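**Student:** Next input, structure requested:
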Amino acid sequence: MKGQANENIVLSEATLKLSELLPSILNEPKVEYGTKIDELVLKAPKELIHTICKTLQINNDLFFDYLRCLSVVDYENFLEINYHLFSYTKRHKMVLKCELSPNQPSISSVSNIWKAANWFEREAHDLFGVVFEEHPSLDRLLLPDDFDGNPGLKSYPLHEYKEW
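**Tutor:** All right, here's what the predicted structure looks like:
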């Protein structure tokens, strides 16, 4: 497994078992597998995200029933969506990552898979401008309705800041 050679990585027994199961369950050559610190990390193209998330949730050997966090990272030349997942039943965790174009970032919503995604996706839309296709309502969550721009992006202009 890619990333396994780093001696700083200590995977739990549950995560090791997960790392053996996932490739055969997902059976998708476009998915990259690796590890980071103590978690399994998958990287997938955006067109596979919804299908992979649904499989991760409903498969009896995986049963990822909890979306811990959905975050966006701006690397300037691409945005990365990170889905931090956990299974209460199986006691394993993982991260699913996907790169998006910064020009028109869009991806399928997973709010119909994990209800917590509703607010996480609204926050990502507010701060980074990511459009979550088929989301029930991408209304502003953090910013006023008339706010212009996406302040989470590195390209967002910062105004002069003074300590008081």
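**Student:** what residues are up against residue 78?
**Tutor:** The neighbourhood of residue 78, defined by Cβ atoms under 8 Å, 6 or more residues apart in numbering, consists of 99, 100, 101, 102. Where C-beta positions appear, they are placed from N, C-alpha and C, glycine not excepted.
**Student:** Which residue, other than its chain neighbours, is closest to the third one?
**Tutor:** Meaning residue 101. Computed as Cβ to Cβ, 6 or more residues apart in numbering, the closest residue to residue 101 that is not its neighbour in sequence is residue 78, at 6.7 Å.
**Student:** pLDDT at the one you found, what is it?
**Tutor:** Residue 78 is assigned 98 on the pLDDT scale.
**Student:** do the one 4 residues further on as well
**Tutor:** If you check residue 82, the pLDDT there is 98.
**Student:** just residue 14 next, same as before
**Tutor:** With respect to pLDDT, residue 14 scores 87.
**Student:** And for residue 5?
**Tutor:** pLDDT, read off for residue 5, is 43.
**Student:** what do you get for residue 20?
**Tutor:** Listed pLDDT for residue 20 reads 93.
**Student:** one step back: and the residue nearest to residue 101, how far from residue 123?
**Tutor:** Per Cβ to Cβ, to the nearest Å, residue 78 is found 19 Å from residue 123.
**Student:** Residue 41 now?
**Tutor:** 22 Å.
**Student:** Packing partners of the longest helix along the chain?
**Tutor:** The helix that spans the most residues within the chain, counting by DSSP state H, is helix 13-26. In this structure, helix 13-26 packs against strand 32-36, strand 39-43, helix 49-58, strand 92-100, with contacts taken as 3 or more Cβ pairs under 8 Å, 6 or more residues apart in numbering; DSSP states H and E.
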